[in-house]
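[1] Can you look at this prediction? I've put the sequence above it.
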Amino acid sequence: MTIKKILVLHGPNLNRLGVREPGIYGKLTLAEIDEALIKSGSKLGFSLECFQSNHEGMLIDHIHAADKKYHGILINPAALSHYSYALRDALVSSELPLVEVHLSNIYAREPFRQHSVISAVADGVISGLGLDSYLLGLEALVNIIEKC
């Protein structure tokens, strides 16, 4: 049996989790989020590779390489959610199942954060639940992949 793989992508500034605005983003570090995701993925029968970058092009390069390696993408595009058509286009071109997640509720924040150009091409979006956004997003993505 081949183990199915999911690519987890974290956008800009998420490497600062735990110290960056903990009232909004929580006190967990990115390493703790990745650890929880990997543990949950394993229970679901999936292997996860987690990657964070503050550089849009690095995220796009990972998406371009994902087609033959992964069965789906879980992404927190962070600030790139609101304006990165290049990231959006890369995600569309991958044709992989996609779930977008956010730690905070982007729809209850500043007006510029209330629109995501990624959401329209995602199979689902979960936001505002902290770590649970990631865990529920992973579970939803697994369900989507299993139905394909």
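    Cool, got the structure. Residues are numbered from 1 along each chain as shown.

[2] How confident was the prediction at Arg113?
    pLDDT for Arg113: 69.

[3] Show me where the protein has its helices.
    22-25, 30-43, 56-64, 85-94, 131-147 (DSSP state H).

[4] With mean neighbour count and distance to Val117 added, can I get these in a markdown table?
    Where C-beta positions appear, they are placed from N, C-alpha and C, glycine not excepted. Compiled in a markdown table, the helices of the chain are given as follows (neighbours: other C-beta atoms under 10 Å; distance: least, C-beta to C-beta, whole Å):
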| stretch | mean neighbour count | distance to Val117 |
| --- | --- | --- |
| helix 22-25 | 12 | 21 |
| helix 30-43 | 16 | 23 |
| helix 56-64 | 17 | 13 |
| helix 85-94 | 17 | 5 |
| helix 131-147 | 19 | 18 |
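
[5] what's the closest of the ones you listed to Pro12?
    Pro12 lies closest to helix 56-64 among those, at 7.8 Å (C-beta to C-beta).

[6] what about the closest one, distance to the chain center?
    13 Å (C-alpha atoms, centre = their mean, to the nearest Å).

[7] Identify the residues contacting it?
    For helix 56-64, contacts defined as C-beta atoms under 8 Å, 6 or more residues apart in numbering pick out 7, 9, 11-12, 51, 53, 73, 77, 80, 84, 86-87, 90-91, 93-94.
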